[in-house]
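> whatever this is, show me its structure:
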Amino acid sequence: MSGEFRGDFTRDTANPAKSFLRVLMQAGRVQLDADWNEQVDHLLRYLQGLGQDLIGFHGGRGEGFQLQSINGNADDVAIAPGRYYVDGLPTEQMAQLDADGNLQPWTYTTQPYYQISEADTLAELQRNHPSNTPNNPNNPLLAYLDLWERHISFVEDEDPAIPGIREVGLGGPDTATRSQVVWQIKVVPAGAIASRFEDSTNRRDSPFEAPPPDDAPLNVQLRYLTRDSFHAYLQAAGVELKPGRGRLRAQMVDKSDDTDPCRLSPKSKYRGLENRLYRVEILSHTAEAAQFAWSRHNSSVMFPILQADAGDDVLTLFVEHLGQDARYSLTEGDWVELVSDRWVLNDAPRFLLPVEAINPDERSVTLRRQADTPEFEIDSFNDAAQHPYLRRWESAGTAPVSFSATVNSGWLPLEDGVEVQFVDANQVDDENQLVQPYQTGDYWLIPARTATGDIEWPQAIGTNSPQPLPPRGITHYYAPLGLLSVFVNDNTVEVEDCRRLLPHLWTYPGSP
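Numbers count the residues shown, from 1 in each chain. The predicted structure is shown next:
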């Protein structure tokens, strides 16, 4: 798994290093969700790898995701419907229906998975271009595609007009969840192709055409940049690529002083009473620091919001339920995160608030604002179309990512003997700028098992030390789409295509 994935899973067993091809069910055995999910991972990895081998870094046929000018509009471009591939991952979008039932293409400002702020309109980006020449076609904007895999439960899928993924005949319980490919078109100022963005040993990243000459137009040079070179190009434009490069280790500490026979064997290190899938996630970051939180159940415990009222220091939320049992309930003193589609898709600031009071009769939850809580609008949590809900975390608020070796050798305790250690401190890039190795949304999963009294975490080869691992996700895939020359004074946009067009791998008489 490399997407968002917050479901109530037992663990993630897919491991490309083992070269498994398929999962084989055996007669009379217990069925586990991990086996099902691993089989899907094997199939998707095969298909995505095949797409990478045949297509390369990115490419597509026809007009899929081609950006097109809109007459008399310097603040928007149309997005042609169709399909496109980035790193072998397919994304497809269809035109939308307008109020009269006619098909209309999505545009940059109306795209379904990304809300454009005033600062991100084409005219505003052109006015604030680093070149400081807002009407100069020689200083264009780069529109690029950002793909990532989002986890969708019945809460995010709820729509009164369309049947959802939850079977209503079951009377409430949900079953399987879904994975959704989110496509977002974002725009940044375009710069020249610097030599450090190019892989001189592998300029040709497409199997169909020769690389362009050095004096080729910028859109052609962008089209043939390798994956690593294009990522470096985006970073130079100020884009923070996800996931981050920071790593984490996890271990169990000996809790043999706890000898309560009603719990577990005193020889056991893991002291929890149930199997758990711990999730450690970076909730926010700046260039100087990062904050993390942790959950016992992969942050899958959620409470849909029906209504939200804001006061000076408190928020009162009316929720659909308060949990089906003690394990998945909400109680005073818990810490929760406010979530809605708009916040998730726009990568809004994330924070935790403590539960101050609960009224079971009204199913209301009172949250206390914190001093460092960012300003936000409560309106999105009163909009059912945005699927607002509370997400429960077990950590007492967020905690700073710490690298201090003077306290417990840098190991940070979670609970029941589980500890984690962040191993990558802030770094400095080629231009002596501070770089945060951990990005918001980076996460790690730690399965804990009562039968072994331990966690499942790989050990470094030849040692008894836990191996530092990169984040499991959320993996983002990036590709250039077009250069936009915005003429604010003339109210027009000129588009230069940066997509790679794929020919047929086969032909027949009369084929295009």
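
> all contacts plus neighbour counts: C-alpha atoms, from now on.
Will do.

> hey, where'd the strands end up in the stretch 251-400 of the chain?
Along the stretch 251-400 of the chain, counting by DSSP state E, counting those that start in this stretch, strands occupy 276-285, 290-295, 302-310, 314-319, 335-339, 352-359, 364-368, 389-393, 399-400.

> in what helix or strand does L50 lie?
With secondary structure defined by DSSP states H and E, L50 is part of helix 33-55.

> what sits up against that helix?
Residues from elsewhere that reach helix 33-55 (CA atoms under 8 Å, 6 or more residues apart in numbering): 1, 9-14, 20-23, 58, 85, 87-89, 206-207, 502.

> again, only using 10 Å
By CA atoms under 10 Å, 6 or more residues apart in numbering, the surrounding residues in contact with helix 33-55 are 1-2, 8-16, 19-25, 56-59, 85-90, 176, 205-208, 500-502, 505.

> what count of nearby residues applies to the residue nearest to T109 when sequence neighbours are not counted?
In space, and not counting its chain neighbours, T109 is closest to I116: 5.8 Å by CA to CA, 6 or more residues apart in numbering. I116: 16 surrounding residues under other CA atoms under 10 Å.

> so what pLDDT did D199 get?
Note on D199: pLDDT of 55.

> give the next helix or strand downstream of the helix or strand of the chain with the lowest mean pLDDT.
Every helix and strand of the chain was ranked by mean pLDDT, DSSP states H and E. The lowest is strand 427-428, at a mean of 72. Using DSSP H and E, the helix or strand that directly follows strand 427-428 along the chain is strand 434-435.

> that next one packs against which elements?
Judged by 3 or more CA pairs under 10 Å, 6 or more residues apart in numbering; DSSP states H and E, strand 434-435 is in contact with strand 427-428.

> so N489 touches Q126, yeah?
No - in this structure, N489 is not within contact of Q126 by CA atoms under 10 Å, at 11.2 Å.

> ok now the helix holding L50, how far from the chain's centre?
Its chain's average C-alpha position is 19 Å from that of helix 33-55, according to CA atoms, centre = their mean, to the nearest Å.

> likewise for stretch 104-120?
With CA atoms, centre = their mean, you get 19 Å for stretch 104-120.

> now it: average pLDDT?
Mean per-residue pLDDT for stretch 104-120: 91.

> what's in contact with that stretch?
Contacts to stretch 104-120, defined as CA under 10 Å, 6+ apart, come from residues 65, 67-70, 75-81, 93-98, 121-122, 124-126, 128, 143, 182-188, 341-347.

> buried residues in that stretch?
Neighbour counts over stretch 104-120 (16 or more other CA atoms under 10 Å) mark 105-109, 111, 114-116, 120 as buried.

> secondary structure for those residues - can I get that in a markdown table?
Formatted as a markdown table, the buried residues of stretch 104-120 follow (DSSP: H, G, I helix; E, B strand; the rest coil):
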| residue | secondary structure |
| --- | --- |
| P105 | coil |
| W106 | strand |
| T107 | strand |
| Y108 | coil |
| T109 | coil |
| Q111 | coil |
| Y114 | coil |
| Q115 | coil |
| I116 | coil |
| D120 | helix |
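
> and these, which is closest to S364?
Set against S364, the nearest of the buried residues of stretch 104-120 by CA to CA is Q115 (29.6 Å).

> ok, now how distant is the closest one from K186?
10 Å (CA to CA, to the nearest Å).

> about what we covered before: who's more crowded, N489 and Q126?
Using other CA under 10 Å as the criterion, N489 and Q126 rank with Q126 on top: 28 against 10.

> name the SS class of that one, please.
Classification of Q126 using three-state DSSP returns helix.

> isn't E375 right up against P349?
Yes - counting by CA under 10 Å, E375 does reach P349; the two are 9.5 Å apart.

> quick check on these two: which one has the bigger neighbour count.
P349 (15 against 7).

> give me the spatial nearest neighbour of R449, chain neighbours excluded.
Computed as CA to CA, 6+ apart, the closest residue to R449 that is not its neighbour in sequence is N275, at 4.8 Å.

> contacting residues around V220?
V220 sits in contact with 211-213, 482, 496-500, where contact means CA under 10 Å, 6+ apart.

> filter those residues to the buried ones?
Counted by 16+ other CA under 10 Å, the contacts of V220 give 211-212, 482, 496-500 as buried.

> any weak-confidence spans in the protein?
For the chain, the stretches with pLDDT under 70 are 1, 132-138, 195-211, 255-271, 406, 428-432, 507-512.

> can we see that at 50?
For the chain, applying pLDDT under 50 flags the ranges 200-202, 208, 263-265, 267.

> where along this structure do the helices fall?
33-55, 122-127, 154-157, 218-223, 227-236, 341-345 (DSSP state H).

> mind listing what's buried in the longest one?
For helix 33-55, the neighbour count (16+ other CA under 10 Å) marks 35, 37-42, 45, 48-49, 51-52, 54-55 as buried.

> can you check the second one too?
Taking 16+ other CA under 10 Å as the neighbour-count basis, helix 122-127 is seen to contain the buried residues 122-123, 125-127.

> ok, the residues you listed vs W335, which is closest?
For the buried residues of helix 122-127, the nearest to W335 is L125 (37.9 Å; CA to CA).

> quick one on the thing from earlier: dump the buried residues of helix 122-127 to a markdown table, plus distance to S329.
Below are the buried residues of helix 122-127 laid out as a markdown table (distance: CA to CA, whole Å):
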| residue | distance to S329 |
| --- | --- |
| L122 | 45 |
| A123 | 48 |
| L125 | 46 |
| Q126 | 49 |
| R127 | 50 |
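
> wait, which of those residues is closest to Y233?
Among the buried residues of helix 122-127, and counting by CA to CA, the member closest to Y233 is L125, at 17.8 Å.

> so the closest one makes contact with N139?
No - the criterion here is CA under 10 Å, and L125 misses it with N139 at 11.2 Å.

> P360: what's it in contact with?
Contact partners of P360, counting by CA under 10 Å, 6+ apart, are 321-322.

> 8 Å instead, please
Contacts of P360 by CA under 8 Å, 6+ apart are L322.

> circling back to that earlier point, would CSV of the contacts of V220 with distance to V407 be doable?
Below are these laid out as CSV (distance: CA to CA, whole Å):
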residue, distance to V407
P211, 54
P212, 55
P213, 56
G482, 50
E496, 55
D497, 54
C498, 51
R499, 51
R500, 52
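
> go through those residues and name the one nearest Q439.
Nearest to Q439 among the contacts of V220, with distances taken as CA to CA, is G482, at 26.6 Å.

> specify the beta-bridge partners of that closest one.
For G482, the beta-bridge partners under DSSP bridges are A143, D497.

> in contact with it, which residues?
Per CA under 8 Å, 6+ apart, neighbours of G482: 66-67, 142-144, 219, 495-499.

> out of these, which one sits closest to R472?
Nearest to R472 among those, counting by CA to CA, is Y144 at 23.8 Å.

> distance of T316 relative to P466?
Taking CA to CA, one finds T316 at 43 Å from P466.

> that should have said G49, apologies.
Per CA to CA, G49 is found 30 Å from P466.
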